[in-house]
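Student: sequence-free structure coming up:
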């Protein structure tokens with residue numbers, strides 16, 4: 001079974017996922033999608049035959065022909081960045097997509113041969129031939145460390161800065177209601193300031209995603225909706241406790257004591273997608289209450305749970321399942 005992949009090669013979440021899947025699935029060739037805004041790292045794919053395409057451009061017929069030549073499967077995450085599905089079908093090449101339901105912008109008729117759904121929300125919302133397989137954790141890079149007490153809280157605003165998708169505004173609003181003498185570290189690619197001595201905004205762009213989780217005890221990451229959330233997965237796997245919204249699908253596998261209740265639920269058309277989904281209306285006071293509830297408390301059981309969860313969802317456990325699915329497609 002020979003694979004052609006379409007990969008991002010920047011430090012976005014898609015860039016991190018692309019990097020991990022390419023390292024483990026070992027494709028024959030890779031189309032690199034250049035975002036045009038983020039710093040790129042083509043050296044991460046130096047062991048593969050590669051071509052580059054622009055983020056907002058359509059893959060040329062020559063590029064599609066190159067990618068399909070000599071492979072059995074075209075594999076991508078979130079989108080194919082092109083009309084390659086019908087082209088690949090004519091060539092007898094299968095197409096496999098890891099979808100992100102909140103970003104699905106093109107359902108029928110350009111349906112891939114298989115959707116590998118990374119969350120049960122994707123399984124619920126998306127139509128087509130599909131299976132559920134979680135996103136694997138790289139436990140060799142996300143090194144688990146036992147966290148004892150909830151004293152240093154962290155949050156990553158990433159490239160979104162104050163964008164609502166990261167929950168950053170909810171958290172910063174919550175800080176006016178937090179009574180405890182906590183320390184909150186906020187990582188952001190974009191500059192902004194906060195008038196609270198307890199909050200330290202660090203403008204950083206970690207070259208490697210696992211560097212973000214070496215400091216702190218608890219990730220605070222309010223979610224209004226999402227299928228998967230890489231910061232939550234990465235923080236748990238590194239031993240941090242995680243305070244987030246009590247919503248599906250996170251409340252199926254995360255420790256309940258650290259989750260806060262949404263004020264209410266409503267329907268929304270998520271992100272850039274076409275599908276409606278349930279979303280949480282977040283009350284910042286409830287975030288503050290949860291922070292105060294756990295400040296300086298023992299969180300070692302949640303830290304240990306994260307390590308065990310990561311082992312069960314590691315590449316060592318899940319790679320054979322991915323390989324079996326692709327080999328039997």
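Tutor: Sure thing, it's come through. Worth saying up front: this structure is predicted, and the values here are computed from it rather than measured.

Student: out of everything not next to it in sequence, what's closest to residue 294?
Tutor: Distances taken as C-beta to C-beta, 6 or more residues apart in numbering place residue 150 nearest to residue 294, at 4.6 Å, with adjacent residues excluded. For glycine as for every other residue, the C-beta is placed from the backbone atoms N, C-alpha and C.

Student: what's around the one you found, how many residues?
Tutor: Counted with other C-beta atoms under 10 Å, residues neighbouring residue 150 total 25.

Student: just residue 200 next, same as before
Tutor: Look at residue 200: counted by other C-beta under 10 Å, it has 14 neighbours.

Student: where does it sit: helix, strand or coil?
Tutor: On the three-state scheme (DSSP: H, G, I helix; E, B strand; the rest coil), residue 200 is labelled strand.

Student: tell me the bridge partners for it.
Tutor: Residue 200 has these beta-bridge partners by DSSP bridges: residue 185.

Student: that one contacts residue 187, correct?
Tutor: No: taking C-beta atoms under 8 Å as the definition, residue 200 is not a contact partner of residue 187, at 9.8 Å.

Student: contacts for stretch 244-263, please.
Tutor: Contact with stretch 244-263 is made by 119-121, 218-227, 229, 232, 236, 241-243, 265, 278, 280-283, 286-287, 289-290, 294, 301-302, 305, 309, as judged by C-beta atoms under 8 Å, 6 or more residues apart in numbering.

Student: go again with 7 Å.
Tutor: Residues from elsewhere that reach stretch 244-263 (C-beta atoms under 7 Å, 6 or more residues apart in numbering): 119-121, 221-223, 232, 241-243, 280-283, 286-287, 290, 294, 302, 305, 309.

Student: stretch 306-322 - what's its average pLDDT?
Tutor: Averaging pLDDT along stretch 306-322 yields 98.

Student: flag every buried residue along that stretch.
Tutor: Residues of stretch 306-322 classed as buried by neighbour count (16 or more other C-beta atoms under 10 Å): 306-307, 309-310, 313-315, 318, 322.
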